[in-house]
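> When you get a sec, could you give me coordinates for this:
(one chain, ligands or ions: 1)
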Amino acid sequence: MTWFRLAIALVLLPAAHPQNVTGRWTGSFSTADNGLEIIVALNQAADGSITGYVVSPRSTETITTGKVEGTNLTFEADRPGRGGVVQKVTYTGTTEGGRMKLTVPPPNFGGGRGRGPGGSPAGGPPGAGRGGQPQIVELSRVSNEAPAPLPPRPAPVSLPMPTASVKANGLAQTPPMGWNSWNKFRNQVSDKMIREMADAIVTSGMRDAGYIYVNIDDTWEAVARDANGNILTNNKFPDMKALADYVHGKGLKLGIYSSPGPRTCAAYLGSYQHEEQDAKTYAAWGIDYLKYDWCSASQVYDNTQATMAAAYARMGNALVNSGRPIVFSLCQYGNLDVGEWGAKVGGNLWRTTGDISDRWASMENIGFKLQPGREKYAGPGHWNDPDMLEIGNGGMTDIEYQTHMSLWCLLAAPLLAGNDIRDMRPAIADILMNKESIAVDQDKLGKQGMRVSQDGSVEVWSSALADGGYAVGLFNRGEAPAKVTARWSDLGLTGSHQVRDLWKHADIGKVSGEYSAEVPSHGVVMIKVAN
Ligand code: GLA
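This is a model prediction of the structure:
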């Protein structure tokens, strides 16, 4: 062997043997405004197998199996999920000297993934940024010592079912209307964006159409509380009070987001054990609406109905005690019969499913399949929430968005636009601001509509209105145009009735017995039948 070959062999030698990864590795992942630290503690045996654990603000996971081969490593860990269900997740990585590049599997505690008790199968991927994507995290080795075993997890907290109802705040006598940052912008939301959106909500006519709440969703929170435990904003929101003043100055209201758990779904700080304090902070800032998302609460609480209701009641009472009228929006994906207790814990609305996404199949599943049966829980002050609107986000056709809007209005659903109001096509503005369907949603009677007939992929939904008339949706969920017929007998009516088309804004005249219309694929004809 020449000296040259020998040199090459020596250079290649380390790669042929597994390197020892034993020790503690740390890195930060997620966004700049939330520098989340991840700790990977590894213990490597002589045969290359590894054990240890991963700790991040999202979860603590025990490594069950793992292996080092050359500079590659792979390991499987037990990740606690919502409802206490453990999920197996796989990490893969490469090491070079004291550096590790690790692919971290996406979080699993957003809405609807995994079925909690009584849970619903709807939903798209959750998590920080665009949820559902694995993240590549760079870690550095901070110690070579074999890690000490993890202390045992504290026992899940159990709370008794509250005996007294939270005092009703008198808000949301009709379903709340406004805008929310999450569907379109995820962690890109900022003070500047909220101000621009508030401006656009006014200039577009959305405010005057009823869209009043401008809601900041997840990712506004600082990395840590102050020394007194007060929640702080991160650098995307330099002055929340000033922002609220600005939004109020436009004749709008400001909403915010938190969790009953220690972390939100995107792993920012939640309100666990700071409920009263946070409610006071929100009130001092001038917040008018709180969305309260279960997320990591599933890791500290026992996930029973009593405990969940009690955890929500804590914040419900804290909001009342804050002295400021704040709409309380429960987000626990419709689990554990929330309709039975949502209003009692102070909820003005509660999600009924996992997260909506901007696809026909998601909207169809949530709107048509998962709402029936919940009508009895809706009424002035307390509403079923089939999630925010995707209208205008580009994943559905305008016909499908019209169906989305019509169905949500018939359901007396909260109408929280989720698109970029600063940049809205006229067709989208027309859908979101159709005063005649909004009037159905905001009808004083506050009755949630329901399906009254179904024939294959065509169906008719109806909602009783305060003036004795009915709003009726003739829907075609099929792939080809179809004739849809609404029979007066299905509405409890006989004889002839005045009909008005709520999308064409045209009176049809007096119609006897039934009304039929040709409806495009995935489309709707929405009418009002006078009594
Ligand atoms: C959950 C909720 C969403 C959104 C995200 C934010 O997935 O269901 O509506 O608030 O959390 O992280």
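> quick one, helices of the stretch 401-531 of the chain?
Using DSSP state H, counting those that start in this stretch, the helices assigned to the stretch 401-531 of the chain run over residues 426-432, 435-441, 488-491.
> Alpha carbons of the second one, as CSV, please.
So that's helix 435-441. These are the backbone C-alpha positions of helix 435-441, laid out as CSV (Å, rounded to 0.1, in the frame of the first residue of the first chain):
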residue,chain,number,x,y,z
LYS,A,435,-76.0,40.6,3.0
GLU,A,436,-78.8,38.3,2.3
SER,A,437,-77.0,35.1,3.5
ILE,A,438,-75.4,37.1,6.4
ALA,A,439,-78.9,38.0,7.5
VAL,A,440,-79.7,34.3,7.7
ASP,A,441,-76.6,33.7,9.9
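> Determine the number of other residues adjacent to the residue nearest to G367 when sequence neighbours are not counted.
On the basis of C-beta to C-beta, 6 or more residues apart in numbering, the spatially nearest residue to G367 that is not a chain neighbour turns out to be L407, at 4.5 Å. (Each C-beta comes from the backbone N, C-alpha and C, glycine too.) Applying the criterion other C-beta atoms under 10 Å, we find 24 residues in the vicinity of L407.
> and if you look at Y301?
That count, for Y301 with other C-beta under 10 Å as the rule, works out to 21.
> Settle this for me: it is touching T307, isn't it.
Yes. When contacts are counted by C-beta atoms under 8 Å, Y301 is listed as touching T307 (4.9 Å).
> Mutual contacts of these two, please.
Common contacts of Y301 and T307, defined by C-beta atoms under 8 Å, 6 or more residues apart in numbering, comprise V157, S158, L159.
> Of the residues you listed, grab the buried ones for PyMOL.
This is how PyMOL selects the buried members of the shared contacts of Y301 and T307, with burial counted by 16 or more other C-beta atoms under 10 Å:
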select buried, resi 159
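> how about whichever residue of the stretch 351-500 of the chain sits closest to the ligand, secondary structure?
Taking C-beta to the nearest ligand atom, the ligand has its nearest neighbour within the stretch 351-500 of the chain at D355, 4.6 Å off. Classification of D355 using DSSP: H, G, I helix; E, B strand; the rest coil returns coil.
> Distance of it relative to L290?
D355 sits 18 Å away from L290, going by C-beta to C-beta, to the nearest Å.
> P426: neighbour count?
Quick note: P426 (other C-beta under 10 Å) scores 7 neighbours.
> dump the residue contacts of it.
Applying C-beta under 8 Å, 6+ apart, no residues contact P426.
> distance of it from L102?
In this structure, P426 and L102 are 47 Å apart, going by C-beta to C-beta.
> mind checking which helix or strand of the chain has the lowest mean pLDDT?
helix 3-16 (a mean of 54; mean pLDDT, DSSP states H and E).
> which strands and helices sit next to the helix or strand following it?
Under the assignment DSSP states H and E, the closest C-terminal helix or strand after helix 3-16 is strand 23-29. Helices and strands touching strand 23-29, by 3 or more C-beta pairs under 8 Å, 6 or more residues apart in numbering; DSSP states H and E, are strand 36-44, strand 99-104, strand 135-143.
> Of all the ones you listed, which one comes closest to E459?
Between E459 and these, the shortest separation by C-beta to C-beta is 41.6 Å, and it involves strand 135-143.
> any residues touching the next helix or strand after that closest one, and which ones?
Using DSSP H and E, the helix or strand that directly follows strand 135-143 along the chain is strand 177-180. Residues outside strand 177-180 that contact it (C-beta under 8 Å, 6+ apart) are 197, 201, 206, 210-215, 217, 252-253, 255, 289, 291, 388, 414-418, 421, 438, 441-442.
> near the ligand, which of these show up?
With C-beta under 6 Å from any ligand atom as the criterion, the subset of these in contact with the ligand comprises D217.
> Walking through the stretch 201-350 of the chain, point out its helices one by one.
Using DSSP H, counting those that start in this stretch, the helices of the stretch 201-350 of the chain run over 206-209, 240-249, 275-285, 297-300, 305-321, 338-341.
> Ranked by average pLDDT, which of those helices falls at the bottom?
Ranked by mean pLDDT, the helices of the stretch 201-350 of the chain bottom out at helix 297-300, with a mean of 93.
> That one and the ligand in contact?
No. Taking C-beta under 6 Å from any ligand atom as the criterion, helix 297-300 and the ligand are apart, separated by no less than 12.1 Å.
> do you know how far T60 is from the ligand?
20 Å (C-beta to the nearest ligand atom, to the nearest Å).
> Now do the same contact list for that residue.
Contacts here follow C-beta under 8 Å, 6+ apart; on that basis T60 touches Y53, V54, P80, L150, R153.
> from the residues you listed, which is closest to the ligand?
Using C-beta to the nearest ligand atom, P80 comes nearest to the ligand of these, at 16.8 Å.
> what's across from the closest one in the sheet?
V86 (DSSP bridges).
> Can you get me a residue count around it?
The tally of other residues near P80 (other C-beta under 10 Å) stands at 20.
> Give me the pLDDT for it.
Confidence score, pLDDT, at P80: 83.
> now do L150
The model's pLDDT for L150 equals 88.
> and the stretch 251-400 of the chain, which of its residues are near the ligand?
T264, C265, A266, D293, C331, D355.
> In TSV, list those residues along with neighbour count and pLDDT.
Putting those into TSV (neighbours: other C-beta atoms under 10 Å; pLDDT from 0 to 100) gives the following:
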residue	neighbour count	pLDDT
T264	28	94
C265	29	91
A266	29	89
D293	28	98
C331	25	98
D355	24	97
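> Sitting in strands, which of those residues do you find?
For these, membership in strands holds for D293, C331, with DSSP state E as the criterion.
> I'd like the helices of the stretch 201-350 of the chain as a markdown table, with mean neighbour count and distance to Y470 appended.
Formatted as a markdown table, these follow (neighbours: other C-beta atoms under 10 Å; distance: least, C-beta to C-beta, whole Å):
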| stretch | mean neighbour count | distance to Y470 |
| --- | --- | --- |
| helix 206-209 | 18 | 23 |
| helix 240-249 | 18 | 37 |
| helix 275-285 | 21 | 39 |
| helix 297-300 | 23 | 40 |
| helix 305-321 | 23 | 34 |
| helix 338-341 | 20 | 23 |
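> circling back to that earlier point, please work out which of the helices and strands packed on strand 23-29 is packed deepest.
Comparing the helices and strands packed on strand 23-29 on average neighbours per residue, with mean count of other C-beta atoms under 10 Å, the densest one is strand 36-44 at a mean of 21.
> Just the angle for that one relative to strand 99-104, thanks.
Put simply, strand 36-44 runs at 110 degrees to strand 99-104, going by axes from the mean of the first three to the mean of the last three C-alpha atoms, to 10 degrees.
> Strand 36-44 close to the ligand?
No. Residues of strand 36-44 contacting the ligand under C-beta under 6 Å from any ligand atom: none, with a closest distance of 13.3 Å.
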